[in-house]
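Engineer: need coordinates for the below:
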Amino acid sequence: MMLTIYENMARRFRIRSWKDLVLILGTAVLVLVIQYLLKHFLPNLSDKTVSVISYGIGFVIIIAGIFIVGD
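Structural biologist: Numbering: from 1, shown residues only. You can find the predicted model right below:
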């Protein structure tokens, strides 16, 4: 069932311009940097907490970027 949902989402996902690609790649790099910094400066946080924080920040950046950069 989950595979069907992922296949459906993959068919609907489209990169419409080079700006979308830059936004996605930039956010992916930023999420990785945030994860590294959180693990480095706050080593007592669990891996799940670090993931939730970093992906939450990435999600907010993607949503804001869609409206700011959108054509």
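Engineer: and the residue positioned nearest the centre of the chain, what does it touch?
Structural biologist: Taking CA atoms, centre = their mean as the criterion, Gly58 is the residue nearest the geometric centre of the chain, at 4.1 Å. Shown in contact with Gly58 (CB atoms under 8 Å, 6 or more residues apart in numbering): Thr27, Ala28, Leu30, Val31, Ile34. All C-beta atoms are positioned from the backbone trio N, CA, C, and that covers glycine.
Engineer: which element is it on?
Structural biologist: Secondary structure from DSSP states H and E places Gly58 in helix 47-69.
Engineer: can I get that helix as PDB, trimmed to CA atoms?
Structural biologist: Only the C-alpha atoms of helix 47-69 are listed here, as PDB (Å, rounded to 0.1, in the frame of the first residue of the first chain):
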ATOM      1  CA  ASP A  47      18.800  10.900  16.500                       C
ATOM      2  CA  LYS A  48      15.000  11.100  16.200                       C
ATOM      3  CA  THR A  49      14.900  14.600  17.700                       C
ATOM      4  CA  VAL A  50      17.600  15.800  15.500                       C
ATOM      5  CA  SER A  51      15.800  14.400  12.400                       C
ATOM      6  CA  VAL A  52      12.500  16.000  13.400                       C
ATOM      7  CA  ILE A  53      14.100  19.400  14.000                       C
ATOM      8  CA  SER A  54      16.100  19.400  10.800                       C
ATOM      9  CA  TYR A  55      13.400  18.100   8.500                       C
ATOM     10  CA  GLY A  56      10.900  20.500  10.100                       C
ATOM     11  CA  ILE A  57      13.200  23.400   9.300                       C
ATOM     12  CA  GLY A  58      13.700  22.100   5.800                       C
ATOM     13  CA  PHE A  59       9.900  21.700   5.300                       C
ATOM     14  CA  VAL A  60       9.300  25.300   6.400                       C
ATOM     15  CA  ILE A  61      12.100  26.500   4.000                       C
ATOM     16  CA  ILE A  62      10.600  24.600   1.100                       C
ATOM     17  CA  ILE A  63       7.100  25.900   1.700                       C
ATOM     18  CA  ALA A  64       8.400  29.500   2.000                       C
ATOM     19  CA  GLY A  65      10.600  29.100  -1.000                       C
ATOM     20  CA  ILE A  66       7.800  27.900  -3.200                       C
ATOM     21  CA  PHE A  67       5.800  31.100  -2.500                       C
ATOM     22  CA  ILE A  68       8.900  33.400  -2.700                       C
ATOM     23  CA  VAL A  69      10.500  31.900  -5.800                       C
END
